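Undergrad: from the sequence below, what's the structure:
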Amino acid sequence: MKAPASHETAFRDATSADPLREAFLRRSIDTITRIAAHADPKILSDALAASTGFGALARVLADTATTEASLVDLDPIAPLVARNAGHRVQILDAAGGTLSSNEVAQLLGVSRQAIEKRRRANALLAVRMGRDWRYPRCQFDEAEGTVVAGLPKLLDVFARSGPWVAMDFLLTADEVLGNETPMQRLRREGLTPELERLARVEQGDGFA
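TA: Purely as a prediction, here's the structure:
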């Protein structure tokens, strides 16, 4: 069996005859080294529990104390950017990951064009990742091949705010819901008046 390549070998292979990649990797490694030096051991331990290296990095970046201590003197805006990126990865993790347009079309038994039409109509939750749209898995009942009942109407409330705000709302536990997340309540009971009211209050369109 062929032994896995060392980090040094992987770095050399990735940067050979490509100074742009080498410069990017060296700067990234310097930054990660700086972050690791300032991170609390508990934060590092929690990060290592992530299933991927990207997830581990996101957990560290989401920690305010770590980013403030390690990045603010390099770039005052960097901690905010880092926390935002880390938080988005955490949201996607809580959503169970994402599906491609083709995967959603297959799941729902419709064409890809139909999926695009639903996305544009705000009937499906989608986030732009690179050149592609990705669809958080939490919005689907994969056993039934359907969208969670009531979700499209709830998404209308967040039409002006965008998908990340909607996902943050849907996947954050709330005391009003007995520490359930709105998505858990939606799956269990559908779109109740209480849940719709909570969403409108969140968006400033209702009253507490």
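Undergrad: strands of the chain, start to end?
TA: Counting by DSSP state E, residue ranges of the strands within the chain are 98-99, 127-129, 132-136, 140-141, 146-147.
Undergrad: who touches the first one?
TA: Spelled out, that is strand 98-99. When contacts are defined by C-beta atoms under 8 Å, 6 or more residues apart in numbering, strand 98-99 is touched by residues 92, 107, 127, 129, 134, 135, 136, 137, 140. No exception for glycine: its C-beta is placed from N, CA and C like everyone else's.
Undergrad: okay, those in JSON lines with distance to residue 200, neighbour count and pLDDT next?
TA: Conversion of the contacts of strand 98-99 to JSON lines gives the following (distance: C-beta to C-beta, whole Å; neighbours: other C-beta atoms under 10 Å; pLDDT from 0 to 100):
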{"residue": "92", "distance to residue 200": "25", "neighbour count": "22", "pLDDT": "83"}
{"residue": "107", "distance to residue 200": "30", "neighbour count": "19", "pLDDT": "96"}
{"residue": "127", "distance to residue 200": "22", "neighbour count": "19", "pLDDT": "91"}
{"residue": "129", "distance to residue 200": "28", "neighbour count": "12", "pLDDT": "83"}
{"residue": "134", "distance to residue 200": "27", "neighbour count": "21", "pLDDT": "94"}
{"residue": "135", "distance to residue 200": "24", "neighbour count": "26", "pLDDT": "95"}
{"residue": "136", "distance to residue 200": "21", "neighbour count": "24", "pLDDT": "94"}
{"residue": "137", "distance to residue 200": "26", "neighbour count": "16", "pLDDT": "93"}
{"residue": "140", "distance to residue 200": "24", "neighbour count": "22", "pLDDT": "96"}
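Undergrad: could you count how many residues lie near residue 34?
TA: Residues within reach of residue 34, counting by other C-beta atoms under 10 Å, total 15.
Undergrad: let me fix that, I meant to ask about residue 155.
TA: 20.
Undergrad: need the strands of the chain in TSV (columns: distance to residue 38).
TA: Putting the strands of the chain into TSV (distance: least, C-beta to C-beta, whole Å) gives the following:
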stretch	distance to residue 38
strand 98-99	31
strand 127-129	29
strand 132-136	32
strand 140-141	39
strand 146-147	43
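Undergrad: out of those strands, flag the one nearest residue 52.
TA: When the strands of the chain are ranked by proximity to residue 52, the top entry is strand 98-99, at 13.6 Å, counting by C-beta to C-beta.
Undergrad: relative to residue 134, how far out is the closest residue to residue 139 other than its chain neighbours?
TA: In space, residue 139 comes closest to residue 125 once its chain neighbours are excluded; the distance is 5.0 Å by C-beta to C-beta, 6 or more residues apart in numbering. Residue 125 sits 10 Å away from residue 134 when distances are taken as C-beta to C-beta, to the nearest Å.
Undergrad: quickly list what's touching both of these two.
TA: When contacts are counted by C-beta under 8 Å, 6+ apart, residue 125 and residue 134 are jointly contacted by no residue.
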